[in-house]
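In: One predicted model, sequence on top.
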Amino acid sequence: MPVHNNEIADIFETLADLLEIEDANPYRVRAYRNAARTVRSHTRSMSDLVEQKKDLSKIPTIGKDLAKKIKTIVVTGKLPLLEKVRSRTPNILSDIMSVKGFGPKRVKTLYQKLKIQSLDDVRRAARSGKVRKLKGFGKKTEKTLLQRLEHFSTETARTRLITAEKIASPLVNYLKKSKGVKKVVIAGSYRRCKETVGDLDILVTAQKSSNVMKRFIKYEEVDTVISKGSTRSTVILRSGLSVDLRVVPQISYGAALVYFTGSKAHNIALRKIAVKKHLKINEYGVYKNKSRIAGKTEKSVYKTVGLPFIPPELRENHGEFFAAHRDGLPDLVSLDNIRGDLHCHSKASDGRDTIKKMAIAASELGYEYLSINDHSKRITVAHGLNKKRLLEQIKTIDKINAKLSNIVILKSIEVDILEDGSLDLPDSILKELDFTVCAVHHKFDLSRTKQTERILRAMDNPYFNILAHPTGRLINKREPYQIDLEKIMLSAAEQQCFMELNANPDRLDLTDDACMMAKDTGVKVAISTDAHSISGISHMRFGINQARRGWLQAEDIINTRSLKALKKLFRRS
DNA sequence: GCCGTTTTCGGCCCGACTGTTTTCAGTCG
């Protein structure tokens, strides 16, 4: 099995932790962390790039040395340097560093003075009062350490955007009622519309910060107050989600919003550009020498460094600065561009609502079309349709369509891709449909080669149109199955097939990076909700978020097209 | 360890809060 980008990133991150504990050059440490971030979020698999003999040092933050190290990891699965560092500084120290509040210096002291080798050792030392006696530590630090170790796990699941919305919305309303508050906005990865968020970053503008700070920590959902200052406070809510609140004066709103929206990598890059122009950017504004020259709006901040406004979804330092410089930022797709939904279920299989109810709900959203794609017969638990039942459904839809005036129901199916790459229903019935959505629902554990071949073979069927949820992943629940997505996309582009971006907040499959890959490979995307009830149809916005993060424009999305244009796209020649 | 319209050396984003010290190091975002 090829080495995954995440594994390479983990190696670099562990190495960075251990080197930091060893007091290595901080910029060298940073270089490993930057590389870890780059590799983790890179569209392409390093293994593939190595196999294709691509020059990895062309990738930003990856130089000659790191390119060589990536190659070593891909080929051998290991990095000799890490093995060497581990022999003098045990791996466990990297784990302790992921306890909040404990960085390289404290971990180093714990290791050197108390000879700790495991998390249990740390617990024992803290319980017996040995920690508080160390220089730089104290009673309070010891207590905090024990508390944090109690709830500690190295795998901290991130919160899905839809859950974060539900938690954030009442808190925002609560803060808006504080005296003297002008604006309350959620920044951070939430504003960048990442599929999951690690915490909530809320920015408030107010004349006096103390009122809103007081009110914030009194919020009934607050479980623990981590820190409380005059301009910044951090709490953990009972839901487990941590919230940072930052209060700035109105005049700093734009600069603070840029700062608090991130990403960190974007901010660093932006500030570097500013430094070159002899400017300084912080959360209060843009400064030339000592005088403040911008910062009230985000636009003004970008303008001082000669850039147009960059949409939050693009702020990942993934080429947005390069594009902005050349006036090449994409005109991102928006919800308004969507004319219909191409993947929905009805009561006939595992949906909860009737076809007619689904159609009416869609027309209320202003859609021109909605397709019904129930499961095919192999999915017995979902009461999947066989040929006979599908024929009946086609007739039913014809009847409903005859009565509906402002929306057209498209006849379709979510047909299973069987293990050998054949489809679960015969061509004789598939050809009666407007189009098909094809999906893998079983045998997730095939090898990468076999899984890829399975899908490629399915695509050879002339009635194959859209590959549904292409990797099968469920956020925080199920890893994607192993496939060569690029190969599949290249083939889809050539064969006039399409990739689904499943907008279900549990799936969001394609990922943002995969959307970029779709654009690069030239395959068009269908953003579909996979709604199993009328309420699911409103999840389209999550798909739009993801597509925007993937730099997609309306022209890259097939369900921004008119029905006539769409039907033409589905006729493979 | 990376990087370059100050290019092969000498820089590397910037500020807030906490706890332990007594002026600041460590950590975080």
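Out: Sure, I can see it. Owing to the predicted nature of the structure, the values given are computational and were not obtained by experimental measurement.
In: can you tell me how far the residue sitting furthest away from the middle of chain A sits from residue A:114?
Out: The outermost residue of chain A, judged against the average C-alpha position, is residue A:133 (43.0 Å), by Cα atoms, centre = their mean. Counting by Cβ to Cβ, to the nearest Å, the separation of residue A:133 from residue A:114 is 10 Å. (Each C-beta comes from the backbone N, C-alpha and C, glycine too.)
In: cool, residue A:262 as well?
Out: Counting by Cβ to Cβ, the gap between residue A:262 and residue A:114 amounts to 36 Å.
In: Please identify the buried residues of the helix or strand hosting residue A:70?
Out: Using DSSP states H and E, residue A:70 falls within helix A:64-76. Neighbour-count burial for helix A:64-76 flags A:66-67, A:69-70, A:73-74 (criterion: 16 or more other Cβ atoms under 10 Å).
In: Which members of those residues additionally contact DNA strand B?
Out: By Cβ under 7 Å from any atom of the strand, the members of these lying near DNA strand B are A:66-67.
In: Specify which member of the buried residues of helix A:64-76 is nearest to residue A:216.
Out: Within the buried residues of helix A:64-76, distances to residue A:216 taken as Cβ to Cβ reach their minimum at residue A:66, with 41.9 Å.
In: residues contacting that closest one?
Out: Contacts for residue A:66 were tallied using Cβ atoms under 8 Å, 6 or more residues apart in numbering; they are A:12, A:31-32, A:35, A:56-57.
In: now, among these, which is nearest to DNA strand B?
Out: Using Cβ to the nearest atom of the strand, residue A:31 is the member of the contacts of residue A:66 that sits closest to DNA strand B, with 3.3 Å.
In: Next one: the closest one relative to residue A:62, how far apart?
Out: With distances defined as Cβ to Cβ, the gap from residue A:31 to residue A:62 amounts to 9 Å.
In: before we move on, what about residue A:138?
Out: In this structure, residue A:138 and residue A:62 are separated by 42 Å, where distance is defined by Cβ to Cβ.
In: the more surrounded of those two?
Out: More crowded of residue A:138 and residue A:62, by other Cβ atoms under 10 Å: residue A:62, with 22 against 13.
In: Setting aside sequence neighbours, what's the nearest residue to the more buried one?
Out: Distances taken as Cβ to Cβ, 6 or more residues apart in numbering place residue A:56 nearest to residue A:62, at 5.4 Å, with adjacent residues excluded.
In: Wait, the one you found touches residue A:71, no?
Out: Yes: with contact defined as Cβ atoms under 8 Å, residue A:56 reaches residue A:71; the gap is 7.1 Å.
In: which neighbours do the two share?
Out: residue A:50.
In: export the contacts of residue A:66 to a markdown table and tack on neighbour count and secondary structure?
Out: Output for those, formatted as a markdown table (neighbours: other Cβ atoms under 10 Å; DSSP: H, G, I helix; E, B strand; the rest coil):
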| residue | neighbour count | secondary structure |
| --- | --- | --- |
| A:12 | 25 | helix |
| A:31 | 18 | helix |
| A:32 | 25 | helix |
| A:35 | 26 | helix |
| A:56 | 21 | helix |
| A:57 | 14 | helix |
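In: among those residues, which are within reach of DNA strand B?
Out: Applying Cβ under 7 Å from any atom of the strand to the contacts of residue A:66, one finds that A:31-32, A:35, A:57 fall near DNA strand B.
In: what's around residue A:118, how many residues?
Out: The burial count for residue A:118: 12, using other Cβ under 10 Å.
In: any idea how far it is from residue A:145?
Out: Between residue A:118 and residue A:145 the computed distance is 14 Å (Cβ to Cβ).
In: give me every residue that touches residue A:363.
Out: With contacts defined as Cβ under 8 Å, 6+ apart, residue A:363 is in contact with A:370, A:404, A:406-407.
In: Now do the same for it: helix, strand or coil?
Out: Look at residue A:363: counting by DSSP: H, G, I helix; E, B strand; the rest coil, its state is helix.
In: Once you drop chain neighbours, what's closest to residue A:299?
Out: Distances taken as Cβ to Cβ, 6+ apart place residue A:309 nearest to residue A:299, at 4.8 Å, with adjacent residues excluded.
In: can you dump the C-alpha coordinates of the strand or helix carrying residue A:266 into CSV?
Out: With elements delineated by DSSP H and E, residue A:266 resides in helix A:264-276, which encompasses its position. Below are the C-alpha coordinates for helix A:264-276, written out as CSV (Å, rounded to 0.1, in the frame of the first residue of the first chain):
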residue,chain,number,x,y,z
LYS,A,264,-2.4,30.8,9.8
ALA,A,265,-0.4,30.1,6.7
HIS,A,266,-2.4,32.8,4.8
ASN,A,267,-1.7,35.3,7.5
ILE,A,268,2.0,34.6,7.6
ALA,A,269,2.3,34.9,3.8
LEU,A,270,0.3,38.1,3.9
ARG,A,271,2.4,39.6,6.6
LYS,A,272,5.5,38.6,4.7
ILE,A,273,4.3,40.5,1.6
ALA,A,274,3.7,43.5,3.8
VAL,A,275,7.2,43.3,5.3
LYS,A,276,8.6,43.5,1.8
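In: Buried residues, that helix. List them.
Out: Judged by neighbour count using 16+ other Cβ under 10 Å, the buried positions of helix A:264-276 are A:265-267, A:269-271, A:273-274.
In: after it comes which helix or strand?
Out: Counting by DSSP H and E, what follows helix A:264-276 is strand A:279-282.
In: in that following strand, what's buried?
Out: Counting neighbours by 16+ other Cβ under 10 Å, one finds that the buried residues in strand A:279-282 are A:279, A:281.
In: ok now it, how far from the chain's centre?
Out: The offset between the C-alpha centroid of strand A:279-282 and the centroid of the whole chain comes to 29 Å, using Cα atoms, centre = their mean, to the nearest Å.
In: elements contacting the helix or strand that it is followed by?
Out: Sequence order places strand A:285-288 as the next helix or strand after strand A:279-282, per DSSP H and E. Contact here means 3 or more Cβ pairs under 8 Å, 6 or more residues apart in numbering; DSSP states H and E; on that basis strand A:285-288 packs against strand A:279-282, strand A:291-294, helix A:298-304.
In: if we go to 6 Å?
Out: Strand A:285-288 sits against strand A:279-282, strand A:291-294, with contacts defined as 3 or more Cβ pairs under 6 Å, 6 or more residues apart in numbering; DSSP states H and E.
In: Mind listing residues that contact it?
Out: Outside strand A:285-288, the residues that touch it by Cβ atoms under 6 Å, 6 or more residues apart in numbering are A:252, A:255, A:279-280, A:292-295, A:301, A:304.
In: Dump it to PDB, restricted to CA.
Out: Extracted in PDB, the C-alpha atoms of strand A:285-288 (Å, rounded to 0.1, in the frame of the first residue of the first chain):
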ATOM      1  CA  GLY A 285      -4.300  47.500  11.300                       C
ATOM      2  CA  VAL A 286      -1.700  48.100   8.700                       C
ATOM      3  CA  TYR A 287       1.200  50.300   9.700                       C
ATOM      4  CA  LYS A 288       3.700  52.300   7.800                       C
END
